[in-house]
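**Q** Give the three-dimensional model of this entry:
(one chain, ligands or ions: 3)
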Amino acid sequence: MDRRDFLKTVGAVGVGIAAADASASTAVHAPPDAFGVLVDTTACIGCRKCEWACNQVNKLPVQPLEEFENKDVFAAMRRPDAGNFTVVNQWAREGREGNVWAKVQCLHCNDPACASACLVSALEKQPNGAVQYDPWRCMGCRYCMVACPFQIPAYQYADALSPEVRKCTFCVERITAGERPGCVEICPVECLIYGKREELLTLAHERIAAYPDRYLDHVYGEHEVGGTSWLYIAGQPFPSLGFPELGEQSPARITENIQHGIFRRFIAPVALYATLAQVMWLGSRKDEVAAAANG
Ligand code: SF4
Ligand code: SF4
Ligand code: SF4
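**A** Numbers count the residues shown, from 1 in each chain. Ligands and ions are numbered 1, 2, ... in the order given. This is a model prediction of the structure:
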């Protein structure tokens, strides 16, 4: 048995224990008034204006529009970082000539693993759908970065005095004031649609039903990791657009069940190995998906 198989086996054992231990339902419901964004990747033209608007709204370092007109960045897949809360990646269109593009940012999970991992509640799901970060509470442990199944939170390593965890804020000040997020407002082809999550889900399924040749029958984020506030529809499988294949159970629930088990049954060694194995396995899956998608 090699190291990878060992980690998978230990992970499976630990998760089995946790599942057996879990008496609570694994279903996660978004707050009833949660907002969200539906991203229609079949409409995106890869203009990167959403990246520019995001940096403007959040006063991030790179701001000149010319910087975002450079399409050379599409040569490699990018992840959001401390200076760019959203990035657009380019992918080969399956079955036809040309490319497709997919915007990436925090998906504002219904039951966020980042918040579950945070010991001081510096990340919290809000009734409006946003997973909000409080730098005053953050102690810089970066557990949230390890826990996120989408590899979203980034750390300001360059800021020696008061580094923060950075990620998409869901433009919470704007949505609180009744405005749309900056990226949504600027998108010239309206491939980003802002609204109540429940209404966006209805819209997504209506589009899929109306144009079955255009869309796959899958709304990414409807069920993945317990559901997310940002939802995606696409014309090809999501792994080919850089999205990890994830189950419906929230990683936060798995961790919590294991933690309960630790205290109730003293299964600490196996459970802790299971948690670590699962995080490492998820990480290696994400790398495999990224490598496969990059060809
Ligand atoms: S995508 Fe990652 S950072 Fe965003 S809410 Fe979910 S777990 Fe947290
Ligand atoms: S919602 Fe706001 S912070 Fe998030 S990607 Fe869009 S512009 Fe950036
Ligand atoms: S602004 Fe809209 S069309 Fe342009 S890259 Fe962003 S999501 Fe795509």
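
**Q** C-alpha from now on. contacts and neighbour counts both.
**A** Will do.

**Q** Now do the domain split for this protein, please.
**A** As given by automatic domain parsing, the domain ranges for the chain are 1-26+249-295, 30-244.

**Q** And the longest one, end to end?
**A** Using Cα to Cα, to the nearest Å, the end-to-end distance of domain 30-244 comes to 21 Å.

**Q** Could you confirm whether any residue of that domain contacts ligand 3?
**A** Yes: if you take Cα under 6 Å from any ligand atom as the test, domain 30-244 does meet ligand 3, through 44-50, 103, 187-189, 191-192.

**Q** So among these, which ones count as buried?
**A** With neighbours counted by 16 or more other Cα atoms under 10 Å, those contain buried members at 44-50, 103, 187, 191-192.

**Q** Looking at those residues, spot the one nearest residue 155.
**A** Nearest to residue 155 out of those is residue 103 (Cα to Cα; 20.2 Å).

**Q** For whichever helix or strand that closest one is part of, could you pull out the residues that count as buried?
**A** Assessed by DSSP states H and E, residue 103 sits inside strand 99-104. By neighbour count on 16+ other Cα under 10 Å, the buried set for strand 99-104 is 100-104.

**Q** Same check on stretch 133-142?
**A** Those would be 133, 138, 142, for stretch 133-142 by 16+ other Cα under 10 Å.

**Q** Just the ones of those residues in strands?
**A** Counting by DSSP state E, the members of these that fall within strands are residue 133.

**Q** Quick one: name the residues of the stretch 51-200 of the chain near ligand 2.
**A** 53-54, 85-86, 105, 168-171, 181-183.

**Q** can I get those residues in CSV with pLDDT?
**A** As requested, these are exported to CSV (pLDDT from 0 to 100):
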residue, pLDDT
53, 97
54, 98
85, 98
86, 98
105, 98
168, 98
169, 98
170, 98
171, 98
181, 98
182, 98
183, 98
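
**Q** Dump those residues to CSV, plus distance to residue 230.
**A** What follows is those, written out as CSV (distance: Cα to Cα, whole Å):
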residue, distance to residue 230
53, 18
54, 16
85, 14
86, 13
105, 9
168, 11
169, 12
170, 10
171, 13
181, 12
182, 15
183, 13
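
**Q** Need these in CSV (columns: distance to residue 94 and neighbour count).
**A** Formatted as CSV, those follow (distance: Cα to Cα, whole Å; neighbours: other Cα atoms under 10 Å):
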residue, distance to residue 94, neighbour count
53, 29, 21
54, 29, 25
85, 28, 24
86, 24, 26
105, 23, 22
168, 29, 25
169, 32, 18
170, 31, 28
171, 33, 18
181, 30, 23
182, 30, 22
183, 26, 22
